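Novice: Have a look at this prediction, sequence included:
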Amino acid sequence: MSDEKLQKVLARSGLGSRREMERWIEEGRFSIDGERAGLGDRIGPAARVTLDGRPVKLIFERESQRRVLIYNKPLGEISTRHDPEGRKTVFDHLPALSQGRWIAIGRLDINTTGLLLFTTDGELANAMMHPSAQIDREYAVRVLGDVDDAMLERLKQGVLLEDGMARFTDVQYFDGEGANKWYHCVVMEGRNREVRRLWESQGVQVSRLKRVRYGPLFLPSDVPVGTWKELTPKEIKALSKMLGLADKKPTRLKPAEKASLERRFKRQRSRREEGPKHKPKGDAQV
């Protein structure tokens, strides 16, 4: 088999997205056969790769899997893999993997709920997150304050935030009366707190924020808060085609793995809000 780019193999192996792997390579965290790795390096199955001095198990194209999960994130979970403050993370309740690891496709802040996607395939994660893909994200948002047509038009035309211009490609009234109303809004980027900051720039307060769609994938009604559902091979094939990715063979789990996954799926319970994993020491407030 021909050699592959280092960052592509690392992303496929579940260490993170391709862009994240490129950053780690630039930071000098990887070595190949004892030598510091660089962007553009290519490796084959015989290469010995380490991350921060520790060996890395690599997955090459012929043995790779492409799995995708839809997760309904509850309030109070953070989108990092580990948290020094002991807060619950979105990774805590995902099914275990025998190969690779789950990669989050984008993030949601601790106070945002709803659709979060995970995959075992770094190439798919990179394709969905890269700005050139122009994949839109739709949110349901409850705002407190007076909203008129002129405000909605400003939000669609563009608002100057501290990190540049931002706008909704679409925003529509959805439900509610009085000061609290629900709107659905669409953004094309994944900038930090972009939806909240756009509304706050108009002098209104966001009291609830939930992602309901990422590109072609909607949050299904049969995925309660705090639970997950795996896409079928047919759904993954359609998503891969939309992203311009080559097909991969459907994942074939061993009987024991399949049984364990089914038990884990059936044991899921709705979790609307998460608190800390443990009480903080001293008089610290959460």
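Specialist: Sure thing, it's come through.

Novice: Give me the buried positions along whatever helix or strand L160 lives in.
Specialist: Secondary structure assigned from DSSP states H and E places L160 in strand 159-161. Neighbour-count burial for strand 159-161 flags 159, 161 (criterion: 16 or more other C-beta atoms under 10 Å). Where you see a C-beta, it was placed from the backbone N, CA and C, and this is true even at glycine.

Novice: which is the next helix or strand following it?
Specialist: Downstream of strand 159-161 (by DSSP H and E), the next one is strand 164-166.

Novice: now that next one, how far from the chain's geometric center?
Specialist: Distance of strand 164-166 from the chain centroid (C-alpha atoms, centre = their mean, to the nearest Å) equals 22 Å.

Novice: Which strands or helices does that strand pack on?
Specialist: Here strand 164-166 is seen to pack against helix 194-200 when contacts are counted using 3 or more C-beta pairs under 8 Å, 6 or more residues apart in numbering; DSSP states H and E.

Novice: Report the contact partners of the closest residue to L261 other than its chain neighbours.
Specialist: The shortest distance from L261 to any non-neighbouring residue, by C-beta to C-beta, 6 or more residues apart in numbering, is to P95 (5.5 Å). By C-beta atoms under 8 Å, 6 or more residues apart in numbering, the contact set of P95 is 69, 228, 230, 260-261, 264-265.

Novice: how does it look with 10 Å?
Specialist: Contacts for P95 (C-beta atoms under 10 Å, 6 or more residues apart in numbering) come out as 67, 69, 102, 118, 228, 230, 257, 260-265, 268.

Novice: And L117, by the same measure?
Specialist: Going by C-beta under 10 Å, 6+ apart, the list of residues near L117 reads 68-71, 102-106, 124-125, 128-129, 211, 214-215, 217, 231, 239.

Novice: I'd assumed S98 was in contact with K57.
Specialist: No: applying C-beta atoms under 10 Å as the test, K57 and S98 come out as separate, 11.3 Å apart.

Novice: Read off the pLDDT value for E20.
Specialist: Each residue has a pLDDT score; the one for E20 is 88.

Novice: Tell me the secondary structure at it.
Specialist: Here E20 is recorded as helix under DSSP: H, G, I helix; E, B strand; the rest coil.

Novice: what about the nearest residue to it once chain neighbours are set aside, neighbour count?
Specialist: Nearest non-adjacent residue to E20, counting by C-beta to C-beta, 6+ apart: A11, 7.8 Å away. Using other C-beta atoms under 10 Å, A11 has 26 other residues around it.

Novice: contacting residues around A11?
Specialist: 5, 17-22, 59, 100, 103, 121-126.

Novice: host element of it?
Specialist: For A11, the host element (DSSP H and E) is helix 6-12.

Novice: Does Q7 touch R29 like I think?
Specialist: No: taking contacts as C-beta under 10 Å, Q7 lies outside contact range of R29: 11.9 Å.
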